[in-house]
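Novice: structure here, sequence nowhere to be found:
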């Protein structure tokens, strides 16, 4: 992860933690201290919550922008890696288990190449010609979705739970959704509903 993205991620976690603390501790803001200056009486304590929600929205926006600019390709590459490593093996086993004399059994049967060709795999097999000599012949086979669906689902689950995707990219968004649903619409002084209604 880039330094800029890590900074946005950290800031997002901090503001989420502050909002969660305020909600669960039922903080009632009556005094504010900034840089050693104390404000004993706030005419409108809701302004502090408005400020927190504006900061929260800003950091959510920055997180999304930095994700798109710096991390989107990384996530796509991990996704492709997980699917290629599992589903391609299943495709290869399907081809090799059909009993054909495949020219190159060590060939890589790419899942993404197959998807780009309407789920059709192209490969070569040995066949006998009219002189009974072995010659290579190009063939193709359509792979049915049901033949690879389990490995696709497994790859998606593995990608989501057992790669850095969950903790590095999804967890901040999950926490943000939790904060907006729980803190933003709850019955407390700092909720978005209380502030703007």
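Specialist: Yep, it's here. Source: prediction; values computed, not measured.

Novice: what kind of secondary structure is the residue nearest to residue 107 when sequence neighbours are not counted in?
Specialist: Spatial nearest neighbour of residue 107, chain neighbours left out: residue 123 (6.5 Å); criterion: C-beta to C-beta, 6 or more residues apart in numbering. For glycine as for every other residue, the C-beta is placed from the backbone atoms N, C-alpha and C. Here residue 123 is recorded as strand under DSSP: H, G, I helix; E, B strand; the rest coil.

Novice: in terms of contact, does residue 123 touch residue 96 like I think?
Specialist: No. Residue 123 is beyond contact range of residue 96, at 10.0 Å (criterion: C-beta atoms under 8 Å).

Novice: between these two, point out the one with more neighbours.
Specialist: residue 123 (18 against 14; other C-beta atoms under 10 Å).

Novice: residues near the closest residue to residue 166 other than its chain neighbours, how many?
Specialist: Residue nearest to residue 166 in three dimensions, not counting chain neighbours: residue 160, with 6.2 Å by C-beta to C-beta, 6+ apart. Residue 160 has 13 neighbours, counted by other C-beta under 10 Å.

Novice: which other helices and strands contact the helix or strand where residue 160 lies?
Specialist: Assigned by DSSP states H and E, residue 160 belongs to helix 145-161. For helix 145-161, the elements it packs on are helix 72-96, judged by 3 or more C-beta pairs under 8 Å, 6 or more residues apart in numbering; DSSP states H and E.

Novice: tell me the mean pLDDT for the helix it packs on?
Specialist: Averaged over helix 72-96, pLDDT sits at 92.

Novice: next structured bit after that helix?
Specialist: helix 111-116.

Novice: buried set for that next one?
Specialist: Buried residues in helix 111-116, counted by 16 or more other C-beta atoms under 10 Å: 111, 114.

Novice: pLDDT of that helix, averaged?
Specialist: Here helix 111-116 scores 88 as its mean pLDDT.

Novice: cool, stretch 24-32 as well?
Specialist: 69.

Novice: circling back: and the angle from the helix holding residue 160 to helix 72-96?
Specialist: Here the directions of helix 145-161 and helix 72-96 differ by 150 degrees (axes from the mean of the first three to the mean of the last three C-alpha atoms, to 10 degrees).

Novice: thanks again, I'm all set now.
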